[in-house]
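Trainee: sequence and computational prediction follow.
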Amino acid sequence: MALEPGMDEYRRWVGGNWPEVQKWQYEFLQNRMYHYNESTTFLDVGCGSLRLGSRLIREHDADKYIGLDVSQELIDFGLKYEIRDKDLEAKRPRFIVNSDFDLTSLGDEKVDIAWCFSLWMHIPDWLMKQALTNIKSVLAHDGVIWSSFSEDYGISPLHGETPDDYVYDRHQRTFVRYRDELEKIFDECGLTFEERDPSIKSGYMVRSVPKDR
């Protein structure tokens, strides 16, 4: 499925309600994270067409925003339509594009915040575990992972696992997990599961840090 150029298409693909969700995410960062500031190294996991990223790139220090997504196409739409060229030149955002959450290109660099908004419901358990393990490995000594979990799964949810040859498809399939299942996944990955504020999308936000910290 190729996206047609235009704001409605690429904005809708990441869930709609673009201005409202962007504003909510940004205000959450500002108001709920004591350690967040413009010099924070920020990993935007599932950055898509840069709904949050376009705001952070403008306001963060240079080289401090890293976007990770499966779709170069979506990132390109965000870069073309949501960010001015002078901001790209000045802030030098970086992007990692792959479907298995491979972060080895960061080398020894660590991130302060990993942000996973409206992401986990679209991938199976085994890939979620792989992603969490990879993200954990690049956290700074006081780094945190923030995740959103929705309680509104829409229509035709899928429950359980898919074959090992699963590739993220662009039809936004949905995986339903109960809270105890989520806690178990995070525990298996050596991460805490600390429920915090409600999210804008009929769900809640979770703060996670390594359990051995």
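Mentor: Received, thanks.
Trainee: what about the strands in the chain?
Mentor: Secondary structure of the chain (DSSP state E): strands at 42-45, 65-69, 94-97, 111-116, 139-150, 194-198, 203-208.
Trainee: residue 188: which of the ones you listed is closest?
Mentor: Smallest distance to residue 188 across the strands of the chain (CB to CB): 12.4 Å, for strand 203-208. No exception for glycine: its C-beta is placed from N, CA and C like everyone else's.
Trainee: who's in contact with the closest one?
Mentor: 28, 32, 132, 144-152, 182, 186, 191-199 (CB atoms under 8 Å, 6 or more residues apart in numbering).
Trainee: any of those buried? List them.
Mentor: For those, a burial check counting by 16 or more other CB atoms under 10 Å picks out 28, 132, 144-150, 182, 186, 191-193, 199.
Trainee: measure the residue of the chain positioned farthest from its centre to residue 57 for me?
Mentor: For the chain, the largest distance from the centre (CA atoms, centre = their mean) belongs to residue 86, which lies 25.0 Å off. From residue 86 across to residue 57, the span is 11 Å (CB to CB, to the nearest Å).
Trainee: residue 174 too?
Mentor: Using CB to CB, we find residue 174 at a distance of 29 Å from residue 57.
Trainee: settle it for me: which of the two has more neighbours?
Mentor: Neighbour totals were compared for residue 174 and residue 57, and residue 57 leads with 26 against 15 (other CB atoms under 10 Å).
Trainee: per-residue confidence averaged over stretch 132-142?
Mentor: Averaging pLDDT along stretch 132-142 yields 97.
Trainee: quote the end-to-end distance of it.
Mentor: 16 Å (CA to CA, to the nearest Å).
Trainee: may I see the buried residues of it?
Mentor: Those would be 132, 134, 135, 136, 138, 139, for stretch 132-142 by 16+ other CB under 10 Å.
Trainee: ok, of these, which one's closest to residue 78?
Mentor: Taking CB to CB as the measure, residue 78 lies nearest residue 135 of the buried residues of stretch 132-142, at 21.1 Å.
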